[in-house]
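In: Build me a model:
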Amino acid sequence: MNHKELKELIEFLVEKDIAEFELERGDVKIRIKRGAEPGAIHTPDPRYFAVHSAPPPAPEVGVHPVTAESPTTAPATAAAPAPVENLHIVHSPIVGTYYESPSPGSPPFVKVGDTVEVGQVVCIVEAMKLMNEIESDVAGEVVKKLITNGQPIEYGQDLFAIRPRA
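Out: This is a model prediction of the structure:
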């Protein structure tokens with residue numbers, strides 16, 4: 001793509017008021033993202049709203065109150081806390097519908113226990129009739145799938161937990 005074509009493309013995007021555009025042609029990849037004009041305030045469309053589910057209740061932890069009468073009522077052999085595992089979360093880059101396989105009846109891109117590489121397709125998110133391949137941004141083992149097939153998902157929603165390769 002030469003300078004003139006790029007300039008025409010940008011002028012077209014400005015004319016049509018397109019805020020974000022991505023093009024891949026062979027080994028050339030172009031991504032254009034325009035910010036809001038100074039002083040412009042984005043107001044959400046009142047016809048659309050996000051519905052968020054309530055977070056799950058926190059598990060109860062055994063708490064032993066300490067009073068003045070019994071200063072050492074805590075048990076002598078407290079259970080060792082479970083080690084916190086350092087997992088990488090793959091997030092959805094767009095709003096859409098999650099699909100685990102390329103077509104109905106096909107095996108999923110990844111399953112729990114599979115090893116993934118950086119850039120490997122882990123799922124598809126359909127947005128506006130376009131199928132967007134979502135790639136892993138870390139190499140490691142898929143520990144948990146956090147959504148179900150056909151589920152609508154939000155921008156930034158957690159999709160997979162991956163244990164990074166050491």
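In: Contacts for stretch 12-27, please.
Out: The list of residues contacting stretch 12-27 from outside it, by CB atoms under 8 Å, 6 or more residues apart in numbering, reads 1, 9, 29-34. In short, each C-beta sits where N, CA and C put it, glycine included.
In: Can you check what pLDDT the model gives Ala40?
Out: Reported pLDDT at Ala40 in the predicted model: 54.
In: Flag every buried residue along stretch 118-136.
Out: Buried positions in stretch 118-136, judged by neighbour count with 16 or more other CB atoms under 10 Å: 122-126, 134, 136.
In: whoops, I mixed them up, stretch 158-166
Out: 159-163.
In: Next step: the residues you listed restricted to strands.
Out: Mapping the buried residues of stretch 158-166 onto strands (DSSP state E) picks out 159-163.
In: List just the nearest of these to Tyr99.
Out: Within these, the smallest distance to Tyr99 is 11.4 Å, found for Leu159 (CB to CB).
In: beta partners for Glu20?
Out: With DSSP bridges as the criterion, Glu20 is bridged to Lys33.
In: what's the neighbour count on it?
Out: Other residues near Glu20 come to 9 when the count uses other CB atoms under 10 Å.
In: ok, now the one 4 residues further on?
Out: The local packing of Glu24 (other CB under 10 Å) involves 9 other residues.
In: who's it bridged to?
Out: Bridge pairing for Glu24 - DSSP bridges - gives Lys29.
In: Now do it, the pLDDT please.
Out: We have a pLDDT of 81 for Glu24.
In: Domains in the chain, by residue range?
Out: Domains of the chain are assigned by automatic domain parsing as 3-33, 88-164.
In: tell me, which of these is the model least confident about?
Out: domain 3-33 (a mean of 80).
In: Quick check: buried residues in that domain?
Out: For domain 3-33, a neighbour-count test (16+ other CB under 10 Å) marks nothing as buried.
In: if we can go back for a sec, let me know the closest of the buried residues of stretch 118-136 to Ser92.
Out: Nearest to Ser92, judged by CB to CB, of the buried residues of stretch 118-136 is Val125 at 6.0 Å.
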